[in-house]
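Q: any chance you can model this:
(4 chains)
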Number of protein chains: 4
Amino acid sequence: MIVILKKDPDPDQLEGLIAWLEDQHITVRPTVGTGQTILGLVGDTASIDQDMIAALDIVDEVKRVQEPYKNVNRKFHPEDTVIEVGGVRIGGGRPVVIAGPGAVESREQILTIALAAAEKGADLLYGGAFMTRTSPYAFAGLREEGIRYLVEAGHKAGLPVVSEISDDAQMSCFEEVDILLVSAANMQNYQLLSLLGRLDRPVILTRGFSASYEEFLMAAEYIMAGGNDRVILSESGIRSFENYTRTTLDITAVPVLKKLSHLPVIVDPSRAVKKAYLVPPMAAAAVSAGADGLFLEVHHDPSHARFDGSQSITPETLGTITRSVSMIKEAGITV
Amino acid sequence: MIVILKKDPDPDQLEGLIAWLEDQHITVRPTVGTGQTILGLVGDTASIDQDMIAALDIVDEVKRVQEPYKNVNRKFHPEDTVIEVGGVRIGGGRPVVIAGPGAVESREQILTIALAAAEKGADLLYGGAFMTRTSPYAFAGLREEGIRYLVEAGHKAGLPVVSEISDDAQMSCFEEVDILLVSAANMQNYQLLSLLGRLDRPVILTRGFSASYEEFLMAAEYIMAGGNDRVILSESGIRSFENYTRTTLDITAVPVLKKLSHLPVIVDPSRAVKKAYLVPPMAAAAVSAGADGLFLEVHHDPSHARFDGSQSITPETLGTITRSVSMIKEAGITV
Amino acid sequence: MIVILKKDPDPDQLEGLIAWLEDQHITVRPTVGTGQTILGLVGDTASIDQDMIAALDIVDEVKRVQEPYKNVNRKFHPEDTVIEVGGVRIGGGRPVVIAGPGAVESREQILTIALAAAEKGADLLYGGAFMTRTSPYAFAGLREEGIRYLVEAGHKAGLPVVSEISDDAQMSCFEEVDILLVSAANMQNYQLLSLLGRLDRPVILTRGFSASYEEFLMAAEYIMAGGNDRVILSESGIRSFENYTRTTLDITAVPVLKKLSHLPVIVDPSRAVKKAYLVPPMAAAAVSAGADGLFLEVHHDPSHARFDGSQSITPETLGTITRSVSMIKEAGITV
Amino acid sequence: MIVILKKDPDPDQLEGLIAWLEDQHITVRPTVGTGQTILGLVGDTASIDQDMIAALDIVDEVKRVQEPYKNVNRKFHPEDTVIEVGGVRIGGGRPVVIAGPGAVESREQILTIALAAAEKGADLLYGGAFMTRTSPYAFAGLREEGIRYLVEAGHKAGLPVVSEISDDAQMSCFEEVDILLVSAANMQNYQLLSLLGRLDRPVILTRGFSASYEEFLMAAEYIMAGGNDRVILSESGIRSFENYTRTTLDITAVPVLKKLSHLPVIVDPSRAVKKAYLVPPMAAAAVSAGADGLFLEVHHDPSHARFDGSQSITPETLGTITRSVSMIKEAGITV
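A: Residues are numbered from 1 along each chain as shown, chains lettered A, B, ... in the order given. Just a heads-up that it's a prediction; the model follows:
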């Protein structure tokens, strides 16, 4: 951490600051220039409250050098984390494909999609049952019934299942769900993150629409700090001024997050772009940039989907994407 | 709602769409041009799923004309909502000032600040006890004990109290808290919003960092849909590319939200700008733009605050602001 | 400037870097910690190329402590710059009002507006003649003829005149224009800025839609570096995700720019919000936040304006705003 | 175009509006609902000023259905435009690679890089000589001398050359430059665009940091409206709140722009990300998403580059990227 002092700092206050820092086992090394003094802080500065120092009268600015996250940091865990669930390995190798409808609509619907997705090369089955909707009047899922249908369809299709959870009270319904998903809207729902941190099941954490890389990794840190180290990061778009698409899919997040962290990184183009025609090129882009997986909304009849129809691809398109993914990987492209 | 069809739509599908819409008691009026057909939908289109229509093969685009929110909409409730709590009226007149520390640190601290704030013209007392922090390692408040000190300090200073709530499980601690605050991070925590919708206490809903006006109003609609119509909207900054400040305080939100909705709108400059020197000018700007209140982080000794010190103003500065607010209002400025 | 080195830097390269810096009269003070070395650079680091150092193998990151701008920097020029033009003083005191139509449409139109604006308290007259339009097919102004009408109307109304310039070739038409305006679209047109830097006339420089404070001040530095120190900064909105308004008016820019720089700062709410009903509250907010002036699009008949009608206010509304501005200032509000 | 009227519009004004529209050969079809009237406008609405209608008293909102651009619109030109220059075909097939240093530093430097780039599979040579810099004190290129060295190096390496132009006055130096590049900072320099529209040489137009797709295409329309139909669109990042990278590279722009327009679309990862380690994955992503080319900053010795060193890749990395590009294309991935 670097502390830039104001011009002519009060010597007593400066001495006080240095003494306080040394009490916290931080070594302070001042650089005195003409008109500007800089303090270099060395030691475990992650435990020092940056805001508190910035608030001091004698301080102009504080700049952090060390990252504030530990468990998710690749520096302390150089190997890729690989998460195994139901025989599927996420991270460290072949990209996986999670596919399914935005909403489980009926027993038949999810079973139809599950079988088609499995045939077209999906590795895991998604189905929404407790959905996060911006309108209180919108269809928000079949709830417990939907989870039951999803689990059954997953068994029949031979695919582990993934569904969104947004509250403690829903937990009892999720016992047979293999991976729990936190949506973008809940990335900073720290109560939920803490709860998931105490579980023994993998969690897909979706980046909030306005979360920086650091904030995203700090949210993952919340889960890992609770003891659950099976966290998968999912990029699904950030808010920008461009509104032709719902959000701007930040493909650069893939190589950045994989450099900063050892956790698997997947990409969710469907929700980011909200237009089915953009899903295949963005899926190919994500895998080429190094993504460990894709999250794709698939429906056998998008025109009649109760939810997210405009961004849902058909099983045929899913097949095209899974073939492209294999080819990109087999080509041995070194990125 | 307006439905723009693709060129040469399939006549059977078009007939099917029109029949389906009419079943929903929507009147459909087509405009046929050279190469482009537009359907004008008239009726209660709020109940129609826009995404579902957009997903149809024959549809190019759907544009909404009506707002998707009802209870918060000024069109259906032309008068300003005024919320009374402990003798303080929020909305429709003199702007109120909510003041207090980001965190209750001790019984003495909150009492000292409460008395100073009351003397300097504050109308309500804030103190954080269950804080939303981006780091799992950061100080997150004194919790139940903090709420107790806050309530006691409010009583002694004669000020109603406000504090942040983020989870159902905290509710029992908040029985004597007059107004419950939802932070920006939780604006889309729909479980929490639904819970607060069933309460009989005013709620301050803070705009999420990347929430559009419509999404913000839809979050308020969640609370009102549950039956609680005492919602106060709080603008506390949106994410933009500028990072000199933590967020960009969107003062324009004040006149816009007051036009679209009848709910009171307050502004929280402290958290938006994160720099104490910017709080007084932005507080004056907010009131001049028509804000119904200000939310100000105040600490008697910002340099030693355990939280948010860099953005906390002193009671003296609070006094300057409350005097400016009075002058702006007394000047009878017509905005 | 602070240089954060990678772990275990090559000693020869480190020695080379230090020698090179010392050649440039920079004093280097290293802080060696466990696993991290930081170099503090002291001296005239503005002349050092940050990117070049960042590109070195041994360097992890470079952080600047000093601002890269000199002439516009308040540190080296503590007093407010006051620009006088035709008896009007901009900066350092009473806020001025620049008013007029987005486009000069005819001799009668600009004269009508000029007289009405003068009567309602405007200090300077604006009229567009060489407009920046996003469409090559849109009306882009009466050009030379428009400037002639503007100058004539300004004389008759007793107001100095302001108009937009975007190219060297237009210069000959602008001889009697008192202040030249650079639009947001041209803020990074460095050829134009260099040209204006060699003039002896005041320039209003509008912030680009995606320019940070630093980039904005660096654009002003371009003009001042050429010798022209009469630069006025104009905030007219930045791009954010919110698209209810054209841009988000960044009122916080006013106190920030006035802290970082000694130049006058004006605010242009009309172009930022694109909706006339929002102009009065945002004008009041700007002045309350400390703006040195307002730039307001005024038309005697907005419904029939050829350009920017939706955001143009009438002379009556202008009168309301100028009265509010006076009251805010007379109230002696200390921000 | 759709015009949404206010409740109970004045009948005379409504009649006036309809008569005026019909004068412009626009057919008006009203949809009258309970409390809301919508006018559907059919005909060549591109020539109608949307703002002017929006400014009318009786109008609530105007929504455009048709795109405002014509020459760049794929609807009127369904086939991909292919631009040939010096034997290289850009658009419609194999992606091309433009490579070279941010700045020509010397005759030797550009020749060394040109030969290495040619050997590693580059198709065109770039070198900056008239650079756009945010600081007036920064190195802005060798100017005429730099262009001379670039042209010579291109001849020796057998590569057509590309360089940035920002002003009319520079034109005489560019006679032997095969493709002229407009930087992001100048995307809205309409004087420059008009000038380039009159040339008979291909232009690479870089998207402005805050330009929407529509604004970007309208800038291209400026060039095409002048008669020059050889325009190449270059995505090089947009401003978002994330500042780990300089801008957010918007890969989604590739399939979107290729759907809306027939012009070739290339991607410039180097300038977007400003970190060399991110260039290879983002280059692979761009090509997988369907880009017609890549623009890559290459330097034989990035640590000693006078400009853009931190984002420059070596010729070796260039070789890896050109091989990956070939493999992605050969794999026949259908996006």
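
Q: how about the host helix or strand of A:Ala284, does it reach chain B?
A: If you go by DSSP states H and E, A:Ala284 is part of helix A:279-288. No - using Cβ under 8 Å from any Cβ of the partner chain, helix A:279-288 stays clear of chain B, coming no nearer than 13.2 Å. Where C-beta positions appear, they are placed from N, C-alpha and C, glycine not excepted.

Q: what packs against that helix?
A: With contacts taken as 3 or more Cβ pairs under 8 Å, 6 or more residues apart in numbering or on different chains; DSSP states H and E, helix A:279-288 sits against strand A:265-267, helix A:269-273, strand A:293-297, helix A:315-330, helix D:253-260, helix D:279-288.

Q: hey, which of those is tucked in deepest?
A: Comparing the helices and strands packed on helix A:279-288 on average neighbours per residue, with mean count of other Cβ atoms under 10 Å in any protein chain shown, the densest one is helix D:279-288 at a mean of 29.

Q: picking up where we left off before, so can I have JSON lines of the helices and strands packed on helix A:279-288 showing mean pLDDT and distance to B:Ala54?
A: As requested, these are exported to JSON lines (pLDDT from 0 to 100; distance: least, Cβ to Cβ, whole Å):
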{"stretch": "strand A:265-267", "mean pLDDT": "98", "distance to B:Ala54": "23"}
{"stretch": "helix A:269-273", "mean pLDDT": "96", "distance to B:Ala54": "13"}
{"stretch": "strand A:293-297", "mean pLDDT": "98", "distance to B:Ala54": "14"}
{"stretch": "helix A:315-330", "mean pLDDT": "90", "distance to B:Ala54": "18"}
{"stretch": "helix D:253-260", "mean pLDDT": "97", "distance to B:Ala54": "16"}
{"stretch": "helix D:279-288", "mean pLDDT": "96", "distance to B:Ala54": "27"}
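
Q: spatially central residue for chain A, please.
A: A:Leu233 (3.0 Å; Cα atoms, centre = their mean).

Q: part of a strand, is that residue?
A: Yes - counting by DSSP: H, G, I helix; E, B strand; the rest coil, A:Leu233 falls inside a strand.

Q: so it touches A:Val265, yeah?
A: Yes - A:Leu233 is in contact with A:Val265 according to Cβ atoms under 8 Å; the separation is 4.8 Å.

Q: go ahead and produce CSV holding the CA coordinates of the helix holding A:Ala284.
A: Presented in CSV, the C-alpha positions along helix A:279-288 are these (Å, rounded to 0.1, in the frame of the first residue of the first chain):
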residue,chain,number,x,y,z
VAL,A,279,-25.4,-16.3,-29.3
PRO,A,280,-23.3,-18.6,-31.6
PRO,A,281,-20.6,-16.0,-32.5
MET,A,282,-20.3,-14.9,-28.9
ALA,A,283,-20.1,-18.5,-27.7
ALA,A,284,-17.3,-19.1,-30.2
ALA,A,285,-15.5,-15.9,-29.1
ALA,A,286,-15.8,-16.9,-25.4
VAL,A,287,-14.2,-20.3,-26.0
SER,A,288,-11.5,-18.9,-28.2
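
Q: please find the angle between the direction vectors of that helix and helix A:253-260.
A: 20 degrees (axes from the mean of the first three to the mean of the last three Cα atoms, to 10 degrees).

Q: before we move on, what SS does A:Ile98 have?
A: Secondary structure, three-state DSSP: A:Ile98 is strand.

Q: for it, list the residues it contacts.
A: If a contact means Cβ atoms under 8 Å, 6 or more residues apart in numbering or on different chains, then A:Ile98 has A:122-126, A:162, A:266, A:293-296 as its contacts.

Q: switch the cut-off to 6 Å
A: The contact partners of A:Ile98, taken as Cβ atoms under 6 Å, 6 or more residues apart in numbering or on different chains, are A:124, A:126, A:162, A:295.

Q: and A:Glu61, how many neighbours?
A: 14 (other Cβ atoms under 10 Å in any protein chain shown).

Q: one step back: any idea of the angle the helix holding A:Ala284 forms with strand A:293-297?
A: Angle of helix A:279-288 versus strand A:293-297, following the same axes, to 10 degrees, is 170 degrees.

Q: distance from the chain centre to helix A:279-288, please.
A: Mean C-alpha position of helix A:279-288 versus that of the full chain (Cα atoms, centre = their mean, to the nearest Å) differs by 17 Å.

Q: what sits up against it?
A: In contact with helix A:279-288 (Cβ under 6 Å, 6+ apart) are residues A:95, A:249, A:251, A:267, A:269-270, A:294, A:313, A:321, A:324-325, A:328, D:251, D:255, D:284-285, D:288-290, D:333, D:335.

Q: and the angle from it to helix A:315-330?
A: Interaxial angle, helix A:279-288 versus helix A:315-330 (the same axes, to 10 degrees): 20 degrees.

Q: just to revisit the earlier point, tell me, what's touching A:Leu233 and A:Val265 both at once?
A: Here A:Leu233 and A:Val265 have A:Leu257 as joint contacts, going by Cβ under 6 Å, 6+ apart.

Q: from what I can see A:Glu144 touches A:Phe174, true?
A: No - applying Cβ atoms under 6 Å as the test, A:Glu144 and A:Phe174 come out as separate, 9.7 Å apart.

Q: which one of these two has more residues nearby?
A: Taking neighbours as other Cβ under 10 Å, A:Glu144 and A:Phe174 compare with A:Phe174 leading, 21 against 13.

Q: ok, now which ones touch the more buried one?
A: Residues near A:Phe174 by Cβ under 6 Å, 6+ apart: A:Ile165.

Q: could I get the phi/psi values of it?
A: Dihedral pair for A:Phe174: phi -100, psi 10, per degrees, to the nearest 10.

Q: show me what from the stretch 151-300 of chain A comes close to chain C.
A: Taking Cβ under 6 Å from any Cβ of the partner chain as the measure of proximity, the stretch 151-300 of chain A contacts chain C at A:239, A:241, A:243.

Q: any idea which of the residues you listed is least confident?
A: In terms of pLDDT, A:Asn243 ranks lowest among these, with 92.

Q: what separation do you get for A:Ile18 and A:Val3?
A: 10 Å (Cβ to Cβ, to the nearest Å).

Q: those two: who's more crowded?
A: A:Val3 (25 against 16).

Q: element containing the residue nearest to that one when sequence neighbours are not counted?
A: Leaving aside its chain neighbours, A:Val3 sits nearest to A:Leu39 (4.1 Å; criterion: Cβ to Cβ, 6 or more residues apart in numbering or on different chains). Per DSSP H and E, A:Leu39 falls inside strand A:37-42.

Q: and the angle for that strand with strand C:37-42?
A: Counting by the same axes, to 10 degrees, strand A:37-42 lies at 180 degrees to strand C:37-42.
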